[in-house]
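Chemist: model this:
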Amino acid sequence: PNIVYAGTTKGLFRTANSGNTWERIGEGLKDPFVSSMLVNPAQPAQLYIGGPGGVWKSLDSGKTWQAINAGLTSLNIRSLAMSPRNPQDLFVGTNGSGLYHSTDGGTSWTAIVPDTLANGSDLTNAAFVSTSKGYAVGIMKALKFEVGNVTFQVKMNIKMREGGFLPGSGDKVSVKGSFN
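Modeler: Have a look, this model is predicted:
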């Protein structure tokens, strides 16, 4: 693709020419650190970023931004995920206060992994691996949830510094990452 975005500890950058030149966007954001980013595949000008300043949304390819944090008890966002079936279904993983779900494109958020289950976990990765299931991996544990009829299940007790998901089939998912 010609347009590429890069979120860094120093801010958000965009190239429109496959990386030949870069411009900084989002100078007005509360915190320049970007820990996670989403681009709506159906509307590429719609961007979401998360970091220590919460979740922010842009409808104009990053020229202007709006904070969308209603319902979040922590603004230290570590991960973002979007349903492949419905771009209005968003998930955020936080540093220590659980996993949140939005059904309205981020206008409001509801906790779906309670603080007691998150137990201070740093939910650094949240991703969809199929059209109906989602998985969240935290530093200390992996949590499974189903969209709609929400259920929780601790899948493993691991210490994971960073990583991601490898697509699986059905209820299967593989975790790839750096383990302590």
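
Chemist: since we're on residue 48, how many residues are nearby?
Modeler: A count of nearby residues for residue 48, using other C-beta atoms under 10 Å, gives 24. The C-beta positions use only the backbone N, C-alpha and C, and glycine is treated the same way.

Chemist: the one 4 residues further on now?
Modeler: Residues within reach of residue 52, counting by other C-beta under 10 Å, total 16.

Chemist: quick one: it and residue 76 touch, right?
Modeler: Yes: applying C-beta atoms under 8 Å, one finds residue 52 in contact with residue 76, separated by 5.3 Å.

Chemist: tell me where the model's unsure across this protein.
Modeler: Where the chain drops to pLDDT under 70, the residues are 1, 113-180.

Chemist: and stretch 43-61, end to end?
Modeler: For stretch 43-61, the first-to-last residue distance is 10 Å (C-alpha to C-alpha, to the nearest Å).

Chemist: please apply the same query to stretch 98-111.
Modeler: End-to-end for stretch 98-111, by C-alpha to C-alpha: 7 Å.

Chemist: show me which positions of it end up buried.
Modeler: Judged by neighbour count using 16 or more other C-beta atoms under 10 Å, the buried positions of stretch 98-111 are 98-102, 105-106, 109, 111.

Chemist: many thanks, we can stop here.
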